[in-house]
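Peer 1: Sequence first, then the predicted structure:
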Amino acid sequence: MASIRTETLIDTPLDTAWAALRDWGALHERLAPGFVTGTRLDGTDRIVTFFDGTVVREVLVDLDDDAHRLVWSVVGGPYTHHNGAAQVFADGPGRTRFVWVADLLPGTLAERTGALMEQGTAVIKQTLEAQALPA
């Protein structure tokens, strides 16, 4: 099994980051546009299309408003097991720490998955900071 973690500081208030992260059906609009090109809800599952054409089904495991934490699992696709969690924490006035963790099998997918998570985290930072800029 592989466990991958990305973390970044984002110049945006916690409430703004959490509102975007918890919006389960708007991943491609509010959190990671361009990295994710489409999100379609199928009941509580979401079907996610990534920039490279990869499509996965993600099952919502938990959405915790108190902990500002979202947990999901990718079913099917290249993984025999995938559990993802993203959480945001206040890190000073107007700053948020964004943490994304994925536990997956097979471990041979760790390098590619980690590179994609780093890319996605950079897009999330850029997107949320752009939203925080005064109009």
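Peer 2: It's in.
Peer 1: make it CA atoms for all contacts and neighbour counts henceforth
Peer 2: OK.
Peer 1: mind listing what the residue positioned nearest the centre of the chain touches?
Peer 2: Residue closest to the average C-alpha location in the chain (CA atoms, centre = their mean): residue 86, at 5.8 Å. Counting by CA atoms under 8 Å, 6 or more residues apart in numbering, residue 86 makes contact with 21, 69-71, 98-101.
Peer 1: JSON lines for those residues, including pLDDT, neighbour count and distance to residue 63?
Peer 2: Shown next, in JSON lines, are these (pLDDT from 0 to 100; neighbours: other CA atoms under 10 Å; distance: CA to CA, whole Å):
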{"residue": "21", "pLDDT": "98", "neighbour count": "25", "distance to residue 63": "10"}
{"residue": "69", "pLDDT": "98", "neighbour count": "19", "distance to residue 63": "6"}
{"residue": "70", "pLDDT": "98", "neighbour count": "22", "distance to residue 63": "5"}
{"residue": "71", "pLDDT": "98", "neighbour count": "20", "distance to residue 63": "6"}
{"residue": "98", "pLDDT": "98", "neighbour count": "23", "distance to residue 63": "15"}
{"residue": "99", "pLDDT": "98", "neighbour count": "17", "distance to residue 63": "15"}
{"residue": "100", "pLDDT": "98", "neighbour count": "21", "distance to residue 63": "14"}
{"residue": "101", "pLDDT": "98", "neighbour count": "18", "distance to residue 63": "15"}
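Peer 1: ok, so of those, who is nearest residue 2?
Peer 2: Residue 2 lies nearest to residue 101 out of those, by CA to CA, at 10.4 Å.
Peer 1: Run a quick check on that closest one versus residue 84, I expect a contact.
Peer 2: Yes: with contact defined as CA atoms under 8 Å, residue 101 counts as touching residue 84 (5.7 Å).
Peer 1: buried sites along the biggest helix by length in the chain?
Peer 2: In the chain, with assignment by DSSP state H, the single longest helix is helix 110-132. Judged by neighbour count using 16 or more other CA atoms under 10 Å, the buried positions of helix 110-132 are 110, 113-114, 117-118, 120-125, 127-129.
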